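Colleague: Everything below, folded, please.
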Amino acid sequence: MIRQADDAIRIDMDGVLVVDKPTGMTSHDVVSRARRALSMRRIGYVGTLDPLATGVLPLVLGRATRLAPLLSVGPKVYDGVIRLGLETDTYDTTGAVRNDVSNGGEPAPEVTSAAVEAAIPAFTGTFLQSPPPFSAKKIGGVRAYRLARRQSPVSPKPVEVTVHAVEVVRVAADQLRCRVTCEPGFYMRALAHDLGRALGCGGCLESLRRERSGPFDLAEAVAADALAPGSRELAGRVIPPARLLPHLPGAVLTEHGRRRAGHGGALTPADVVAKDGDWPQPGPDGTSVRLVDREGGLVGIAEMDEEGVLHPTIVLV
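Modeller: Sure thing, here's the model as predicted:
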């Protein structure tokens, strides 16, 4: 629903708005712009993008903010350009230079396509990756980037990451462009640094574009310039809760079940009219289930226990 208030347009809607973030803006900058454009305060984002990066930044609106933890899962696809022969403290071209082959640094070996292809397998699969010193990882309760800015020694603990594929798009004299499909938690800046080290020349991230984040891609994204007060385009671009998390099995509730779920009450088979999708067998690990009403509206998310009883964990009504 769109409500007119003086010259501002308020979109009275919950859901996800995918934005194509431009370079130079932080993820928080995009949220601030969206709040002004939509006259909404309850807006967050899924998956931080560095100011250098561009591309898919899903914004969660209204009650859909409660779904953010579930929307942050799923593979991400990045198109990145690595600058070869240059290392910085931030692992990208915005940082302070540590060595620069083109400006008096130690000569680097010639990087060939064969050398890159030989190095790539070490960065695919599941392995330990050390996050960049300038990152949001906490060390002793303090963000690593805060320590790094104070010139304090920073060594974030390596974490397990998963990379499904690294496609080498182009290898030039001082650039390597690649497309990476990975799970959340993987740092492209760390890949640029570590791959540069593996090639013997050093490297840092020169540009980055996120093409996909879980189920969201660039095809459904709006430009950040569209986030302007009075824009009527935005309402039609919001993905409603009913279209979110389609991979989860669904339970269509009776009216009694809908009211019970709204109060967080457990749901028995008697509260379920129909089942949708690949319905799981009850088990000890619990399975997430979408709770929907007879009109298809998303009521919330529940976990199914060993007895087949559904326990709401997220309620949207």
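Colleague: In three-state terms, label residue 30 for me.
Modeller: helix (DSSP: H, G, I helix; E, B strand; the rest coil).
Colleague: how many neighbours does it have?
Modeller: Burial measure for residue 30: 21 neighbouring residues, criterion other CB atoms under 10 Å. For every residue, glycine as well, the C-beta is placed using N, CA and C.
Colleague: show me the contacts for it.
Modeller: Counting by CB atoms under 8 Å, 6 or more residues apart in numbering, residue 30 makes contact with 19, 21, 45, 57, 59, 224, 227.
Colleague: Mind doing that once more with 7 Å?
Modeller: Taking CB atoms under 7 Å, 6 or more residues apart in numbering, we find residue 30 in contact with 19, 21, 45, 57, 224.
Colleague: do you know how far it is from residue 38?
Modeller: 12 Å (CB to CB, to the nearest Å).
Colleague: Repeat that for residue 293.
Modeller: Per CB to CB, residue 293 is found 25 Å from residue 38.
Colleague: can you map out the helices along the stretch 51-200 of the chain?
Modeller: 68-71, 113-119, 144-149, 188-198 (DSSP state H, counting those that start in this stretch).
Colleague: Let's have these in TSV, adding mean pLDDT, distance to residue 171 and mean neighbour count.
Modeller: Supplementary listing: the helices of the stretch 51-200 of the chain in TSV, determined by pLDDT from 0 to 100; distance: least, CB to CB, whole Å; neighbours: other CB atoms under 10 Å:
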stretch	mean pLDDT	distance to residue 171	mean neighbour count
helix 68-71	94	35	16
helix 113-119	95	5	14
helix 144-149	49	31	17
helix 188-198	96	12	22
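Colleague: out of the ones you listed, which comes closest to residue 240?
Modeller: Residue 240 lies closest to helix 68-71 among these, at 13.4 Å (CB to CB).
Colleague: Tell me the gap between stretch 245-254 and the middle of its chain.
Modeller: Distance of stretch 245-254 from its chain centroid, counting by CA atoms, centre = their mean, to the nearest Å, is 23 Å.
Colleague: ditto for stretch 184-194
Modeller: Worked out by CA atoms, centre = their mean, stretch 184-194 lies 14 Å from the chain centre.
Colleague: got any ranges where the stretch 51-200 of the chain has weak pLDDT?
Modeller: Within the stretch 51-200 of the chain, the stretches with pLDDT under 70 are 100-109, 134-155.
Colleague: The same query, at a cut-off of 80, please.
Modeller: Where the stretch 51-200 of the chain drops to pLDDT under 80, the residues are 99-110, 134-156.
Colleague: ok, which stretches of it are strands?
Modeller: For the stretch 51-200 of the chain, applying DSSP state E, counting those that start in this stretch gives strands covering 54-61, 76-84, 86-88, 97-100, 125-129, 138-139, 142-143, 159-171, 175-182.
Colleague: What residues of stretch 34-53 count as buried?
Modeller: Of all the residues in stretch 34-53, those buried under the rule 16 or more other CB atoms under 10 Å are 34-35, 37-38, 40, 43-47, 49-50, 52-53.
Colleague: got it, and stretch 230-250?
Modeller: For stretch 230-250, by 16+ other CB under 10 Å, it's 231, 234, 237, 238, 239, 241, 242, 244, 245, 248, 250.
Colleague: In space, not sequence, find me the middle residue of this protein.
Modeller: residue 47 (2.9 Å; CA atoms, centre = their mean).
Colleague: Enumerate every residue touching it.
Modeller: Residue 47 makes contact with 72, 184, 213 under the criterion CB under 7 Å, 6+ apart.
Colleague: which of those count as buried?
Modeller: For those, buried by 16+ other CB under 10 Å: 72, 213.
Colleague: Which of the contacts of residue 47 sits closest to residue 197?
Modeller: For those, the minimum distance to residue 197 (CB to CB) is 24.0 Å, reached by residue 184.
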